[in-house]
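*Asks:* what shape does this take:
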Amino acid sequence: MRRPEGYDPAAFPPFAVTVDLAVFTVRGGRLQVLLVERGQEPYRGRWALPGGFLLPDESAESAARRELAEETGLSAGPGLSPGSGRSATADGSAAGPHLEQLGTYSEPDRDPRMRVVSVAFTALVPDLPEPRGGGDAARARWTPLDEAGPLAFDHDRVLADAHERIGAKLEYTCLATAFCPPEFTLGELQQVYETVWGVELDRPNFRRKVLATPGFVEPVEGGARRTGGRGKPAALHRAGTARSLHPPLLRPEGRRP
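*Replies:* Numbers count the residues shown, from 1 in each chain. Below is the predicted model of the structure:
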């Protein structure tokens, strides 16, 4: 496609486009986010979300996958099953987290170098490995969400928006089961929701909603139960065949992240 005759790109002020990534997992019973320590100015030595500038020949999605690999050593796959929480390659091996576009951040003063517009992505994925710093990142680490910040640039705002997005994702998909063992109790499933949402849920009400949602979970054959804890043994379940929740499992009113 040719440039229209008479069009002058220099008539408009230049600006750069970057990507930022808010990648979450559950580790040690806590919701954690992937952060990098900036190795260059601006904000050298400060913690931030992974990310960087788009190259001339790549899309925002390609740049996000490249920056994630360069700065943390983690790879991002092209697709994600809401029920499984992870993508897979053709041979069935893990392909890394699917990145969902979160939003665009374009305040004029968000970056001291120049006008920078950022396209942010987010993901909530189980079983992610330890990251390793690389590229522009001096270090990379998993950080409990409640200990993350203040971050460089406007990344506190991006992180808050991403937390809200993944919280909503648990309301209408079966993603929470991916953070449980293959056979789990409803109490273990409830812990996932409480960890991501940051709220305490009423156990009987949660149990009633889960069991009333078609295809969300199914009992293990033979009525298997888990013993060894206090109280009577708890029934075991596994992930059902549903990919989305109808009706959604909504957070308590006024308890959004």
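*Asks:* so for the longest strand along the chain, what gets flagged as buried?
*Replies:* Using DSSP state E, we find that the single longest strand of the chain is strand 16-27. Residues 18, 19, 20, 21, 22, 23, 24, 25, 26, 27 are the ones in strand 16-27 that count as buried (16 or more other CB atoms under 10 Å). Yep, even glycine has a C-beta here, placed from its N, CA and C like the rest.
*Asks:* save those residues as a markdown table, and put in pLDDT too.
*Replies:* A markdown table is the format used below for the buried residues of strand 16-27 (pLDDT from 0 to 100):
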| residue | pLDDT |
| --- | --- |
| 18 | 98 |
| 19 | 98 |
| 20 | 98 |
| 21 | 98 |
| 22 | 98 |
| 23 | 97 |
| 24 | 97 |
| 25 | 96 |
| 26 | 96 |
| 27 | 95 |
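*Asks:* buried ones in whatever helix or strand comes next after the longest strand of the chain?
*Replies:* Downstream of strand 16-27, the next assigned helix or strand under DSSP states H and E is strand 30-38. By 16+ other CB under 10 Å, the buried positions in strand 30-38 come out as 31, 32, 33, 34, 35, 36, 37, 38.
*Asks:* what is the neighbour count of residue 226?
*Replies:* Counted by other CB atoms under 10 Å, the residues lying close to residue 226 total 15.
*Asks:* look up the residues forming beta bridges with it.
*Replies:* Beta-bridge partners recorded for residue 226 (DSSP bridges): residue 234.
*Asks:* what separation is there between it and residue 218?
*Replies:* 16 Å (CB to CB, to the nearest Å).
*Asks:* cool, residue 120 as well?
*Replies:* 36 Å.
*Asks:* before we move on, what about residue 178?
*Replies:* Residue 178 sits 15 Å away from residue 218 when distances are taken as CB to CB.
*Asks:* try residue 43
*Replies:* Taken as CB to CB, the span from residue 43 to residue 218 is 49 Å.
*Asks:* the spatially closest residue to residue 172 that is not a sequence neighbour: neighbour count?
*Replies:* In space, and not counting its chain neighbours, residue 172 is closest to residue 248: 4.3 Å by CB to CB, 6 or more residues apart in numbering. The local packing of residue 248 (other CB under 10 Å) involves 14 other residues.
*Asks:* just the one 4 residues further on next, same as before
*Replies:* When counting by other CB under 10 Å, one arrives at 12 neighbours for residue 252.
*Asks:* helix, strand, or coil at it?
*Replies:* coil (DSSP: H, G, I helix; E, B strand; the rest coil).
*Asks:* the strands in the stretch 51-200 of the chain, which residues?
*Replies:* 51-53, 100-105, 116-124, 137-144 (DSSP state E, counting those that start in this stretch).
*Asks:* what pairs with the last one, parallel or antiparallel?
*Replies:* It refers to strand 137-144. strand 30-38 (antiparallel).
*Asks:* downstream of the strand it pairs with, the next helix or strand is which one?
*Replies:* Heading C-terminal from strand 30-38, the first helix or strand you meet, by DSSP H and E, is strand 47-48.
*Asks:* name the helices or strands packed onto that next one?
*Replies:* Applying 3 or more CB pairs under 8 Å, 6 or more residues apart in numbering; DSSP states H and E, we find strand 47-48 packed against strand 30-38.
*Asks:* least confident secondary structure element in the chain?
*Replies:* Least confident helix or strand of the chain, by mean pLDDT, DSSP states H and E, is strand 225-226 with a mean of 74.
*Asks:* also compute the angle for the longest helix anywhere in the chain relative to strand 100-105, please.
*Replies:* Counting residues, the longest helix in the chain under DSSP state H turns out to be helix 155-172. Helix 155-172 runs at 140 degrees relative to strand 100-105, counting by axes from the mean of the first three to the mean of the last three CA atoms, to 10 degrees.
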